[in-house]
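Engineer: A structural model of the following input is requested.
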Amino acid sequence: MSSEERQIEAIVPDEVAACHKFNPYMKYEFTEEHIVICNPWMDTSINLRIPKKDLSVISSLNSIILPPVFSAIYHVKEKTFEFIFTFVEEESHYWQRKFEFLWQGETITCKYGPSSKELLDLANIARRKESESDSNHRNLRLFSDFTNLSNQPDFVKEYFVGKKPISFYVGPLSPPSQDAVIEFARNVNFYMSYI
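Structural biologist: Numbers count the residues shown, from 1 in each chain. Presented below is the predicted three-dimensional model:
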């Protein structure tokens, strides 16, 4: 282990050690009340503020990878990508969309489904640092508003009436190289434009 790795390990709180192992690029700040992850997904437009008095979100963070090239999370145990999508009505056609995709000799299931607890936990602690961003804050704005609904104005609360959070899942897919994941995503996007 290099001296730089030892220094990073020394400042990574024990509570988020597994998360840091999966996402070694993350930088941390510490306040009296929070552990702050300053660059999730290597994206400086948002941060994650983990309240020290409620570390329940830690188990969610310790089970995911935040792939910098996508607005997604990768569930390590399930080997599944969850792409952060939107909110839709219960009658939406998205809930029925599911298909299998053959990729490098493996059958990968692609489907829309309810957003995971891990994603909603992440959205609950996400804070925008910049008003505009190339990544659109990883599509987390609506999810963050939803998880903090009691603090929202009435017009925001009205938006969510009859809607549920939905994500697009792809897996099982072992985490290949970044280039391979990008190539896979291009192929799935092309395929989805025709179904």
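Engineer: thinking residue 173 is in contact with residue 185, fair?
Structural biologist: No. Using C-beta atoms under 8 Å, residue 173 makes no contact with residue 185, being 10.5 Å away. All C-beta spots, glycine's among them, are computed from the backbone N, C-alpha and C.
Engineer: more neighbours, those two?
Structural biologist: Taking other C-beta atoms under 10 Å, residue 173 and residue 185 do not tie; residue 173 has more neighbours (21 against 16).
Engineer: Confirm that the more buried one sits in a strand.
Structural biologist: No. Read with DSSP: H, G, I helix; E, B strand; the rest coil, residue 173 is coil and lies in no strand.
Engineer: What distance do you get for it to residue 76?
Structural biologist: 12 Å (C-beta to C-beta, to the nearest Å).
Engineer: mind listing the helices in this structure by residue range?
Structural biologist: Along the chain, counting by DSSP state H, helices occupy 3-11, 17-22, 58-61, 117-125, 141-147, 154-159, 178-192.
Engineer: and the third one, which residues are buried?
Structural biologist: Neighbour-count burial for helix 58-61 flags 58, 60, 61 (criterion: 16 or more other C-beta atoms under 10 Å).
Engineer: any low-confidence regions in this protein?
Structural biologist: Where the chain drops to pLDDT under 70, the residues are 1-13, 130-137, 175-178, 195.
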